Each structure stands twice: as C-alpha cells, then as structure tokens.
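Q: fold the stuff below for me.
(chains A and B)
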There are 2 protein chains.
Amino acid sequence: MKKPATGIRTVVSSTRRATTLLCAAMGIAGLTTAHAQTLDVPARSVPVPTTVSPQMAKIIGAPLRTNWNLLPKTGEEWKPVADAGAAGTIKNVPGMMERLRVKVEKTTIDGVRAFILTPEVIAPENRNRLLIHVHGGCYVLNPGEAALPEALFMAGFGHFKVIAVDYRMPPEAYFPAALDDGLTVYKNAIKTTDPKNIAIFGSSAGGALTLEMVLKAKQDGLPLPGAIAPGTPMSDVTKVGDTFVTNAMLDNVLVSPDGFCDAATKVYANGHDLKDPLLSPVYGDMKGFPPTILTSGTRDLLLSNTVRVHRKLRQAGVDAMLQVFEGQSHAHYYRDDTAPETKEAFEEIAGFFDKHLGK
Amino acid sequence: MKKPATGIRTVVSSTRRATTLLCAAMGIAGLTTAHAQTLDVPARSVPVPTTVSPQMAKIIGAPLRTNWNLLPKTGEEWKPVADAGAAGTIKNVPGMMERLRVKVEKTTIDGVRAFILTPEVIAPENRNRLLIHVHGGCYVLNPGEAALPEALFMAGFGHFKVIAVDYRMPPEAYFPAALDDGLTVYKNAIKTTDPKNIAIFGSSAGGALTLEMVLKAKQDGLPLPGAIAPGTPMSDVTKVGDTFVTNAMLDNVLVSPDGFCDAATKVYANGHDLKDPLLSPVYGDMKGFPPTILTSGTRDLLLSNTVRVHRKLRQAGVDAMLQVFEGQSHAHYYRDDTAPETKEAFEEIAGFFDKHLGK
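A: Next up is the predicted model:
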C-alpha cells in the first residue's frame, strides 16, 4: 500500500493497525478498551417531555398499560381480550370518520374480509392510486372495525383510497393466515391497478406484515408495489435488538419484551420458527424492495426493530427514509387524530407515497 | 361540515369531538386519560446488543466515561483537560491517515487555523467539490490535530477534499468565536468554489456549529452550501428533550445532561443566552436550509436533539434524511474506522452529498 505524503505525519508502525479502537476520538479521556460489558442503569423518574403537543403529552404521560403482563397462551384465551379491546376502539371510529371525512364500506375480496375507505376528497394525483392497509395488534388484536384507525388517518390526511385488510387471526387461523390474506388482497388489486401505483402500509404487526408481504411477493415472482410504509415493525420477534432492553418499562404501550405482545405473537406463530423472515422480516433479503418510509419514536420498544430494518434496506440499496418522533412510545403516532404529530406523521408518509408511486 | 355517507356509520354526537384521545386505538385496554405523569423506571442491567459488529460491541460495551461529572468552570480550568484528551486522540491520527490514505496539511485561512485533507483518490465527480468540517467536543475539547478523526473518515470513505477548521476555543476565545471561525473559512471557500458544490459537516458541537453556520449565513445574506451533515447535534443546550432523561446513565460518552459537556458549553457561552439559536439551533428558522442528513444512535443522549432538528427541517420543507444506528451512544459512529458501522455511516453521508451537491 502506498503511503500518502503528509506534512504532519509522524512515524507509523504497522503494528498500530491493531490499535483501532479510538476511544479518545472526541478528546474524551476515560473510556477504556475493557471487554464489552453489561451496564447497570439506576432507577429514575422520567417526566413527560415539554417538547411535544398537549395532545401527545397526554398520550406519552399515560401510565403503563395495565395487564401488560397478562399472557394468554391460546387463541381461545386471546379472543375475549381482543374483543374487549376492539369494543373500546370501535366506539371511537365514527368520530374519526366524521372528523377525517372518510366513508367506509365493508366487503370481502376473494374471500378475505376487508374495508374500503374513501375520503371525501381524493387528491387528483391519487385517482389511479390505491393503498393497502394491514393493521397492528400483535397478530391477535384489532378484529373488524378495530382495524380501521390507522387506515382512516392515512385516507383522511393523505387523501388516498385505502383497502384495510381484516385478516384472519387466532383462534380462527394461525400463521401464515394474516400474510396470506394480505397477499390475496394485493393479488386482487394488481388485476385492476398498476402495482407501481399501489402502496402497502401498517404499523407494529402491520409493519411486519407489510415487509412480509413484499418478501413473499418477491419469492412468488409477483410484481412489487410502488412504495411501502412499515411503521414500527415487529421485524424481529426473537426479541433481539437493543431497545427491547433500553426502552423496557419506559414504552407505555408494549412495556416489556416479555409482555402481552410477545405472548400473542407466539400464539399466532403456532410453533413456527420465529426467525423465519416471514415472521421476523429483518432477517429477509431486502434487495429490490420498493422505496420505504419507516416511523418510530424515541421511547419505542421497537425503535431498534425499526432502525435495523432501515439500515438493512439502505445496505441493500433501497431508497428508505426514517422518521422518529420525540418522546413517543410504540405507535403513539396513530392514537389521536387531533395531535399535530399525527397529522405530521401521516402527511410525511403521504408525501413519500406521492413522490414514489406511479400515477 | 358535510358528513360523509357510510355503510358502517352509527350515531355521531358532536360532543364526541371532545373525546379524541384514542387510548384504545390499538385494541389495548388499560391506558387511561389520567393527567400526564412522571414515569418511575426501575433499575436494570443492559447488556451489549448482539446486533452490532464486534468492533462496535467493544465501543458500546465500554464503561461510562470516568470523570463525566468533572465540571471545570473556566476556560483556564478546561485547557489541561482538553490537552490531555487531545494527546490521546492525536497519537491515533497517523494510523488513521495511513489506513484511510488521506494526507493532511496544516494551514491558516484568513487568520483561522485549519487543516486541508486530501485523499489519495478524489472521486472524479468530487473534483470541484469541497467539504468543510467543524469538529465536536462541547466547544472546548479537541484542539489542533485532535479535530481530525471525523474529517479523516469523511475524506477517506467519501473521497472528498476536506478543510477541517481548528476554531478558537476557551480560554483563547468564547462565543461566538467558533462560529465566526467556521464562517470565515466558509466565506473564503465560496470565493473560489461554487457554494452549491460545498457541504458543511461535523458532530456534536460540530453538528450544532454546522446548523449555526447556516443560520448565520442566512442572516448575513450569504449563499448557502449545497448540503450539510450535522451529526448528533448539540441543537438544544438548554437541555430540553426527552432522551436527555431516558438515555441518561446509558449513553457511555455524555452520560448525563448535567455532566462535563453541559459544563463546557456554559464556559464557551460565557453568559450568553443558551436559547439563542446560534447556541441552540433547534430554535432557529430552518426555512430554506440546504438538504440535510442527520446521524444518531439509539442510546444517544442527543437522540432527541437530533430527531427534533429532523422534524423541524421537514416542517420547513427541507429535504432531510435521518440515520439512527443500533445501540450507539453519542457519536459512536466515528470512533473506529475499522467498524463496518463507521464506513456505513460515512458512505451514507457521502452518497447524500453526491446526490445533492453541484459538480
């Protein structure tokens, strides 16, 4: 190797190649080359940040989910939990539809239950575009109309037509039922709409399903959608990733890597290998993926799941954008349609779709 | 307001507008509408993540900086601390120069101390491009050649010519000396290089200075650079932002919002209002900013400082990209030039510059 000439260069021994840990790179003495070690972080009180809207402050400041450590072990045990949660969500849906001016029709598409969401105003550039939504809820929650909030936000803020897939969940069906239902709807859609004009989106399990649908479409040789928006995806259900630990007991939605969401996912997986990319898509081959926008928050238990997918996409040469919101726990960005952060998140995604989808 | 027709719509009372906190949006019962509250997070042991390279695992697993709570109160007290840290850094510089094949010349530009970094290979598309580097170190650390590591990484991985500004620091000079020196170099550069072909970059205090230079250039009516890359910027030295609390005692570099970096910044500010956008640029008007790429890590004490700037830029309509690295504390991405994450971070920035700079 030719050594460059330099005015300030001093003697360089080849053994210096070995000393590459530049602990003093910032002029900060004290870091050592000790073996990697576990860090003991003391208890602390974490106030609600002052850097968010009043609406978001309420969401961030809510106590930890009660029953986060309630761990049903079968689909049958999950059903009443899912139904109770859904009832709470569904009563808010009409208000959202009114505020966001979106109408909803219930339908089935090639045997899959779905909703068609039509905003009062479809942007002219979106007339030939279609979004497909796969909801979150750890693969067991949010049946029926409880699937709708995020789809409504996207339709309302983004002025797109949206099909929300009400995929089968335990105890009705197990892995890969959710993925199969999502793909059935996608395959039907590309019969009449150019795939380049279609985007797939969803958060949490829906974020994972978005990635899984593209992985499976690649495997099956289907044309890929024009863009995707996996929000805080459950991209690694083996629970590997730093923020599973660092944001535990801080994220007030998921709370812990050993909580309800982990239990629910295992029920859906039904014994299938959790490291299969169709359950943990961070392990999939993302080469050739369409442009992707990812969303998370600084307190999100799945922040690592999100940024690891972002890096993986970038390593694969995919046009991928990341937005991370101040102070937000898992999927806080689609709680309150009146919070400015909600509008901001969905308008960012809509802008990304507008930039990348065909017309 | 016209109410959209819908097949599933039920009775909507106008009073429902008030109940907009959609705690059940994910079908998760248990969140309440209680007033925003402080969260008590228990102590925990945080292992080094398995999702990073062995080189990065060493950096992440290093113990907390010793003397993080050593708080010199004057420029004179800081000088020996800065000199000791610099000595540790400088001895690694020749090895970096050799590995990255970059030569360095010491110079002064209109009276400002600087280094000119020339990589052995300048990419053909970069022949008429120039990067200006402003180093980090809380406005008091990394004098002289200790300013070089990040500039070397950018020159070596990105194949750009770089001018690294060795700006004045306490006790030699105080706010706004660092900013003035950076701008002096920029003003000199635009005499011979099209501003659209120039990018400014730096991390920590250097990230803040990058933003401050653009804010000041706007104020002074100067043409703006073609792109910027503020890494984990000290964008809010009033210490507002959620990760100042959530990542305290977890970030092994800055450790605490009340640590050495805060003390050093106050010495540099020398009594000036810390909320002035020329010290806390997150409060500045970012309309018209050039395309910007921001870098941070999930354990970074300044993750909020970083994502708040990203959102602010996007709100101002600026083309802004965010990259967040798994498990990394403050500015870990420029510690070890042999870590794959380091190459990845700088190649991402180089690609962004290539996309946005004139030729």
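Q: distance check, A:Pro47 against chain B.
A: Separation of A:Pro47 from chain B (Cβ to the nearest Cβ, to the nearest Å): 5 Å. Placement of C-beta: from N, CA and C, glycine included.
Q: no, scratch that, I was asking about A:Asn142
A: 4 Å.
Q: quick check: the residue of the stretch 251-359 of chain A nearest chain B.
A: A:Gly327 (4.0 Å; Cβ to the nearest Cβ).
Q: is that residue in contact with A:Asp300, as I believe?
A: No - A:Gly327 is beyond contact range of A:Asp300, at 10.0 Å (criterion: Cβ atoms under 8 Å).
Q: quick check: which element contains the residue of the stretch 251-359 of chain A closest to chain B?
A: Under the criterion DSSP states H and E, no helix or strand holds A:Gly327.
Q: can you pull the pLDDT of it?
A: Reading off the confidence values, A:Gly327 has pLDDT 98.
Q: one more: A:Ala24?
A: 35.
Q: ditto for the one 4 residues further on
A: At A:Ile28, the pLDDT value in this model is 37.
Q: so which helix or strand takes in A:Val104?
A: Short version, using DSSP H and E: A:Val104 is in strand A:102-109.
Q: could you give me the buried positions within that strand?
A: A:Val102, A:Lys103, A:Val104, A:Ile109 (16 or more other Cβ atoms under 10 Å in any protein chain shown).
Q: can I get those residues in CSV including pLDDT and distance to chain B?
A: CSV is the format used below for the buried residues of strand A:102-109 (pLDDT from 0 to 100; distance: Cβ to the nearest Cβ, whole Å):
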residue, pLDDT, distance to chain B
A:Val102, 98, 6
A:Lys103, 98, 4
A:Val104, 98, 5
A:Ile109, 98, 16
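Q: select, from those residues, the two members most distant in space.
A: A:Val102 and A:Ile109 (18.7 Å; Cβ to Cβ).
Q: checking the nearest residue to A:His135 once chain neighbours are set aside next. Helix, strand or coil?
A: Nearest residue to A:His135 in three dimensions, chain neighbours excluded: A:Ala147, at 3.8 Å (Cβ to Cβ, 6 or more residues apart in numbering or on different chains). Reducing the assignment at A:Ala147 to three states with DSSP: H, G, I helix; E, B strand; the rest coil gives helix.
Q: next up, the contacts around A:Ala147.
A: A:Phe115, A:His133, A:His135, A:Gly137, A:Ala164, A:Val165, A:Asp166 (Cβ atoms under 8 Å, 6 or more residues apart in numbering or on different chains).
Q: pretty sure the fourth one contacts A:Ala205?
A: Yes - the pair formed by A:Gly137 and A:Ala205 meets the contact definition of Cβ under 8 Å, at 5.9 Å.
Q: of the two, which one has the most company?
A: Legend: neighbour count by other Cβ atoms under 10 Å in any protein chain shown for A:Gly137 and A:Ala205, higher for A:Ala205 (29 against 26).
Q: next, that one: phi, psi?
A: Per-residue torsions, A:Ala205: phi -60, psi -30 (degrees, to the nearest 10).
Q: what residues does the stretch 101-250 of chain A put near chain B?
A: A:101-106, A:115, A:120, A:136-137, A:141-142, A:145-146, A:149-150, A:204, A:240-243, A:245-250 (Cβ under 8 Å from any Cβ of the partner chain).
Q: just to revisit the earlier point, confidence score at the residue nearest to A:His135?
A: For A:Ala147, pLDDT reads 97.
Q: is A:Gly206 in a helix, a strand, or coil?
A: helix.
Q: so who does it touch?
A: Going by Cβ under 8 Å, 6+ apart, the list of residues near A:Gly206 reads A:His133, A:Val134, A:His135, A:Gly136, A:Gly137, A:Glu150, A:Pro230, A:Gly231.
Q: which one of those is nearest B:Gly358?
A: Using Cβ to Cβ, those come closest to B:Gly358 at A:Pro230, 34.3 Å.
Q: can you mark which positions in the helix or strand containing that closest one are buried?
A: Counting by DSSP H and E, the element that carries A:Pro230 is strand A:227-231. Neighbour-count burial for strand A:227-231 flags A:Ala227, A:Ile228, A:Ala229, A:Pro230, A:Gly231 (criterion: 16+ other Cβ under 10 Å).
Q: list the pairing partners of that strand within its sheet, with orientation.
A: Using DSSP bridges, the strands paired with strand A:227-231 are strand A:198-203 (parallel), strand A:292-297 (parallel).
Q: and that strand, how far out from the chain middle?
A: On the basis of Cα atoms, centre = their mean, to the nearest Å, strand A:227-231 sits 8 Å off its chain's mean C-alpha point.
Q: can you list the residues that contact it?
A: Under Cβ under 8 Å, 6+ apart, the answer for strand A:227-231 is A:136, A:150, A:199-204, A:206-208, A:210-211, A:214, A:289-296, A:309, A:331, A:333-334, A:349, A:352-353, A:356-357.
Q: need the pLDDT of A:Asn67.
A: A:Asn67 is given a pLDDT of 89.
Q: if we can go back for a sec, redo the strands paired with strand A:227-231 as a markdown table? Include mean neighbour count and mean pLDDT.
A: As requested, the strands paired with strand A:227-231 are arranged in a markdown table below (neighbours: other Cβ atoms under 10 Å in any protein chain shown; pLDDT from 0 to 100):
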| stretch | mean neighbour count | mean pLDDT |
| --- | --- | --- |
| strand A:198-203 | 28 | 98 |
| strand A:292-297 | 28 | 98 |
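Q: now those in TSV, with distance to A:Asn69?
A: Below are those laid out as TSV (distance: least, Cβ to Cβ, whole Å):
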stretch	distance to A:Asn69
strand A:198-203	22
strand A:292-297	22
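Q: which one of these lies nearest to A:Met56?
A: Per Cβ to Cβ, nearest to A:Met56 of those: strand A:292-297, 9.7 Å.
Q: dump that closest one to PDB, restricted to CA.
A: Coordinates of each C-alpha in strand A:292-297 appear next as PDB, following Å, rounded to 0.1, in the frame of the first residue of the first chain:
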ATOM      1  CA  THR A 292     -39.800   2.500   2.100                       C
ATOM      2  CA  ILE A 293     -40.600   5.000   4.800                       C
ATOM      3  CA  LEU A 294     -40.300   3.800   8.400                       C
ATOM      4  CA  THR A 295     -41.800   5.600  11.500                       C
ATOM      5  CA  SER A 296     -40.900   5.200  15.200                       C
ATOM      6  CA  GLY A 297     -40.500   7.200  18.400                       C
END
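Q: what does it rub up against?
A: Applying Cβ under 8 Å, 6+ apart, the contact partners of strand A:292-297 are A:203, A:207, A:227-233, A:302-303, A:306-307, A:309-310, A:313, A:318-330, A:332-333, A:345, A:348-349, A:352.
Q: just the buried ones from these?
A: For the contacts of strand A:292-297, buried by 16+ other Cβ under 10 Å: A:203, A:207, A:227-233, A:302-303, A:306-307, A:309-310, A:313, A:318, A:320-330, A:332-333, A:345, A:348-349, A:352.
Q: list the contacts for the closest residue to chain B within the stretch 151-300 of chain A?
A: In the stretch 151-300 of chain A, the residue that lies nearest chain B is A:Asp242 (4.0 Å; Cβ to the nearest Cβ). Counting by Cβ under 8 Å, 6+ apart, A:Asp242 touches A:Ser304, B:Pro49, B:Thr51, B:Thr298, B:Arg299, B:Glu326, B:Gly327.
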